[in-house]
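**Student:** Starting from these lines, generate the structure:
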Amino acid sequence: MNESLRLKYLRIALVLVGITFIVGIYLLMIVWPSGWTWHTGHSDYPLMIVGIYATLGVFLLLASRNPLAHLSLIWFTIWSSVVHGAIMAFQALAGPMNHGHLIGDVPALFIVAAVLAVLTPRGQSAAAQAG
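**Tutor:** Predicted coordinates:
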């Protein structure tokens, strides 16, 4: 894939991930709680997660305008998604009541990380495009 096409797809991915982080996570917690909500009963946790991801989503939308100027944010999104997904996978495997997450938010985070990682320029390619 040539670099200009890759950058175009990266912009599209950043917009889609950004919008999903802003509104999609909350909606998925409502319609599919067994795959997206980690605490039952009264908990402040879901609102915290929605707030953090919605904020990240806004910044990903801003980064979509010029991804090469925001590579550290994109790589933070990639690596934090891998770490968050790995922790959640371990927790989902440890508790039978959380197994629904293994087909919900856990793979979603790994997919986000993989798509952004594949599309994000690195090394000399990123430096050449930025300069």
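
**Student:** quick one, helices of the protein?
**Tutor:** Listed in chain order, the helices of the chain (DSSP state H) span 3-19, 25-31, 33-36, 45-63, 71-94, 105-119, 123-130.

**Student:** could I get those helices as CSV with mean pLDDT and mean neighbour count?
**Tutor:** All C-beta atoms are positioned from the backbone trio N, CA, C, and that covers glycine. Converted to CSV, the helices of the chain look like this (pLDDT from 0 to 100; neighbours: other Cβ atoms under 10 Å):
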stretch, mean pLDDT, mean neighbour count
helix 3-19, 96, 17
helix 25-31, 92, 15
helix 33-36, 86, 17
helix 45-63, 95, 16
helix 71-94, 96, 16
helix 105-119, 97, 18
helix 123-130, 60, 12
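
**Student:** Name the residue closest to the centre of the chain, please.
**Tutor:** Residue closest to the average C-alpha location in the chain (Cα atoms, centre = their mean): Val112, at 4.7 Å.

**Student:** List the contacts of it.
**Tutor:** When contacts are counted by Cβ atoms under 8 Å, 6 or more residues apart in numbering, Val112 is found next to 17, 77-78, 81.
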